[in-house]
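**Q** Would you be able to build a 3D model of this:
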Amino acid sequence: MADNEPPHVFVTYAHDSPEHKDRVRLFADFLHSRIGLEVHLDQWDDNERRDWSLWALKHLDTANFVVVIASPEYKRRAEGTAAPDEGRGSQFEAARIRDRLTRDLGREIKRVLPVVFPQQSVEDIPNFLNPFSTTRYPVDAFTEEGVEDLLAAITGRARHQRPERGRWSGGAVSATGPHRTSLATGLEWRACSDGVRTEGARINDVHYADSIVLRAAERLAFVEVDLGMAYRRLTAVAGVLDDAVEPFQVGHFRVLLDGRPSPEVKVALGKPATIDIGVAGVLTLRLEFHRPGTTGTRWFPELAWGDPVLD
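**A** Predicted structure coming up:
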């Protein structure tokens, strides 16, 4: 298969009910028209009289991947417990899949992909596909997010790429201590309010070079970053800027760890607060700050997180 050629996918399933048949067609429509895979489905090829066994053999043997739609009837027919005249097509296709698995298990286990819709369960996957010891692909919605795991198997590209290996130090612990990172300049923000800036800030006559500053009419300003469980502590100074035009404002500051809020801290001009909070095991950190009661007035908040540092 050339790099620019879409993978060929054959969909095998049982006609459990008209609703299940429609659901399978909609799934194939989505993979073919939205995702761009070259999908083959019996419902699209019933425009002429044909030998369905030859049609199925061609696709089962030449497709890059075979998607097996799990269902109670498919399992019965695939495992030989259905009557011989019941669902002959799915019985024939399942027999071919079993034969190819027996001939080359290592290859076929990567090529045959069991898909489970919300109406079904892992129990509906045929036992010869080892439903509990091998990967199956639940599809809860016909969206790009809903088929991410399935596409990872088809493209060979994992959803999360393995990073490059660092230099091995023989297990010796670094004597330099934890890696300190400025939250203002050392990490990429995943999201932030429009009025937030990174700049120097003077708080209570102390200059903090790498600060997160708010000078805009934001009702609630925030900065959000991914920590990836790589840090242990956050330290910062929260305060009103010394050059604030309106000296009587009160700033409200709060830290959220994976969505869990810490107690709110209130500061005033000349009365900053030191923030020191543990972040071990935290994936997402969010800093919030605002000045209440500024909506519709000429006074802006003039607040800053002074030198927020992660250790």
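
**Q** Select the longest helix from the chain.
**A** If you go by DSSP state H, the chain has its longest helix at helix 88-103.

**Q** got the buried residues for it?
**A** For helix 88-103, a neighbour-count test (16 or more other C-beta atoms under 10 Å) marks 89-94, 96-98, 100-101 as buried. Quick note: C-beta positions are derived from backbone N, CA and C, even for glycine.

**Q** Kindly report the same for stretch 34-49.
**A** Neighbour count says stretch 34-49 has 35, 37, 39-42 buried, by 16+ other C-beta under 10 Å.

**Q** same deal with stretch 63-77?
**A** For stretch 63-77, a neighbour-count test (16+ other C-beta under 10 Å) marks 63, 65-71, 73-77 as buried.

**Q** mind checking the SS state of the residue nearest to S71 when sequence neighbours are not counted?
**A** Distances taken as C-beta to C-beta, 6 or more residues apart in numbering put D16 closest to S71, at 4.8 Å, once the chain neighbours are dropped. Secondary structure assignment for D16 (DSSP: H, G, I helix; E, B strand; the rest coil): coil.

**Q** Next, the contact list for D16, please.
**A** Shown in contact with D16 (C-beta atoms under 8 Å, 6 or more residues apart in numbering): 71-74.

**Q** Isn't L241 up against R202?
**A** Yes - taking C-beta atoms under 8 Å as the definition, L241 is a contact partner of R202 at 6.7 Å.

**Q** what about those two, which has more around it?
**A** L241 (22 against 15; other C-beta atoms under 10 Å).

**Q** Mind pulling the model confidence for the more buried one?
**A** pLDDT, L241: 97.

**Q** Over to P292?
**A** Looking at P292, its pLDDT is 87.

**Q** Would you mind measuring from it to L241?
**A** Distance, P292 to L241, using C-beta to C-beta, to the nearest Å: 17 Å.

**Q** returning to what we had before: any chance of the buried residues of helix 88-103 in TSV, with pLDDT too?
**A** Listed next are these as TSV, based on pLDDT from 0 to 100:
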residue	pLDDT
G89	95
S90	95
Q91	96
F92	96
E93	97
A94	97
R96	97
I97	97
R98	97
R100	97
L101	97
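
**Q** contacting residues for V68?
**A** With contact set as C-beta under 8 Å, 6+ apart, V68 has these partners: 12-13, 74, 97, 112-115, 125-126, 129.

**Q** relative orientation of whatever helix or strand it lives in and helix 88-103 in degrees?
**A** Per DSSP states H and E, V68 falls inside strand 65-69. Angle, strand 65-69 to helix 88-103, by axes from the mean of the first three to the mean of the last three C-alpha atoms, to 10 degrees: 130 degrees.

**Q** Quick check: what element follows strand 65-69 along the chain?
**A** helix 72-78.

**Q** could I get that following helix in PDB with only the CA atoms?
**A** Taking Å, rounded to 0.1, in the frame of the first residue of the first chain, the C-alpha atoms of helix 72-78 are listed here in PDB:
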ATOM      1  CA  PRO A  72     -25.000 -11.600  19.600                       C
ATOM      2  CA  GLU A  73     -26.000 -13.100  16.200                       C
ATOM      3  CA  TYR A  74     -22.600 -12.600  14.700                       C
ATOM      4  CA  LYS A  75     -21.000 -14.500  17.600                       C
ATOM      5  CA  ARG A  76     -23.500 -17.400  17.300                       C
ATOM      6  CA  ARG A  77     -22.900 -17.700  13.600                       C
ATOM      7  CA  ALA A  78     -19.100 -17.300  13.900                       C
END
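
**Q** Could you pull out the strands in the stretch 51-200 of the chain for me?
**A** Here the stretch 51-200 of the chain has its strands, by DSSP state E, counting those that start in this stretch, at 65-69, 112-116, 137-138, 181-182, 189-192, 196-203.

**Q** ok, the closest residue to R202 other than its chain neighbours - contacts?
**A** Closest residue to R202 in three dimensions, ignoring its sequence neighbours and counting by C-beta to C-beta, 6+ apart: D242, at 4.4 Å. Residues in contact with D242 (C-beta under 8 Å, 6+ apart) are 202-205, 269.
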